[in-house]
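# Return a 3D structure for these sequence lines:
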Amino acid sequence: MVTWNYLDFVTSKIQKIKEAQEANIKKAAELIAGSIMNGGNFYVFGTGHSHIIAEDIYLRAGGLALIKAILEPALMIHEFPVNKSTHLERLNGYGAALIKLYKIKPGDVLLIASNSGRNAVVVEMALESRKMGCKVVALTSLLHAKNVLSRHESGLRLFETADVVLDNCTEYGDAAFNIRGLDTPIGPTSSITGAAIVQALVVTVTDILIENGYVPPVFKSSNMDGADEYNNELFEKYYGMKSTRGLMS
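Model (predicted):
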């Protein structure tokens, strides 16, 4: 049955990540945990569908109340016209502006998710962040990235600018599942593998923090009785606000 074939296909990608990315996930987690314990910030960012990866660990039930997301609406896919973000993520200068606006500083860590890793915004954000003394973790498809040219004026791709690279193990073009009678592959996997990687990363960061005597604040689902009061304390302490929006799982 095609349904199970696709799920087996996805499972094979997760297995590949388990086999090939453990050391890189641990290295990234050590950078992030070290930053947190020394008063730094952990930022997450992605453009297009990759912004989903950033959002998946931000204000999330079971997630750390120590994560700051750079969610630029114009670089997401919900704004009209529908190809707006595609054009804007290719602009030189946009990424540098975001780094300044969010006041990235030495000792911070920025995770940038981009399947292709070729567009100007993600490359520029990585380069500018490292100039500021911020460590960069790239979440990308190495197979795809190594088969395309950069769209940034430096000629670099995201994986060539980061301190740690996490390979989401997707195929060139992301969608790679074939259906008989259809020429174009379907069934992209980057959102699934990307989410698995960042959640594994958060779990590993948390484990390192606890091993070092630092018990991190963790959100509860706002749909659990009594969770609003608990979460509001974290919102007020770590985000300067009282709200439970976003903790819906």
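# mind checking the end-to-end distance for stretch 111-128?
Counting by C-alpha to C-alpha, to the nearest Å, you get 13 Å between the two ends of stretch 111-128.
# when you give positions from now on, start the count at 36
Yep, numbering from 36; the last one is stretch 146-163 now.
# List the buried residues of it.
Buried residues in stretch 146-163, counted by 16 or more other C-beta atoms under 10 Å: 146-163. No exception for glycine: its C-beta is placed from N, CA and C like everyone else's.
# again with stretch 186-204
186-187, 191-204.
# any idea how far the residue of the chain most remote from its centre is from residue 206?
Note on the chain: the largest C-alpha distance from the chain mean falls to residue 216, namely 34.6 Å (C-alpha atoms, centre = their mean). Residue 216 is 20 Å from residue 206, where distance means C-beta to C-beta, to the nearest Å.
# sorry, back to before: any idea which of the buried residues of stretch 186-204 is closest to residue 54?
Residue 54 lies nearest to residue 204 out of the buried residues of stretch 186-204, by C-beta to C-beta, at 9.4 Å.
# Next secondary structure element downstream of the helix or strand bottoming out on mean pLDDT in the chain?
Ranked by mean pLDDT, DSSP states H and E, the helix or strand of the chain with the weakest confidence is helix 119-123, at a mean of 87. Counting by DSSP states H and E, the next helix or strand C-terminal to helix 119-123 is helix 129-136.
# Do me a favour and average the pLDDT over the next helix-or-strand element following that next one.
Using DSSP H and E, the helix or strand that follows helix 129-136 in sequence is strand 144-148. Per-residue pLDDT over strand 144-148 has a mean of 99.
# Which pLDDT does the model give the residue nearest to residue 247 when sequence neighbours are not counted?
Spatial nearest neighbour of residue 247, excluding adjacent residues (C-beta to C-beta, 6 or more residues apart in numbering): residue 72 at 6.4 Å. Looking at residue 72, its pLDDT is 98.
# Helices of this structure, start to end?
Using DSSP state H, the helices of the chain run over 37-55, 57-72, 86-91, 119-123, 129-136, 155-166, 177-180, 225-246, 262-274.
# Just the buried positions in stretch 168-184, please.
For stretch 168-184, by 16+ other C-beta under 10 Å, it's 169-177, 179-180.
# surely residue 179 meets residue 192?
No: shown here, residue 179 and residue 192 do not form a contact pair, counting by C-beta atoms under 8 Å, at 9.7 Å.
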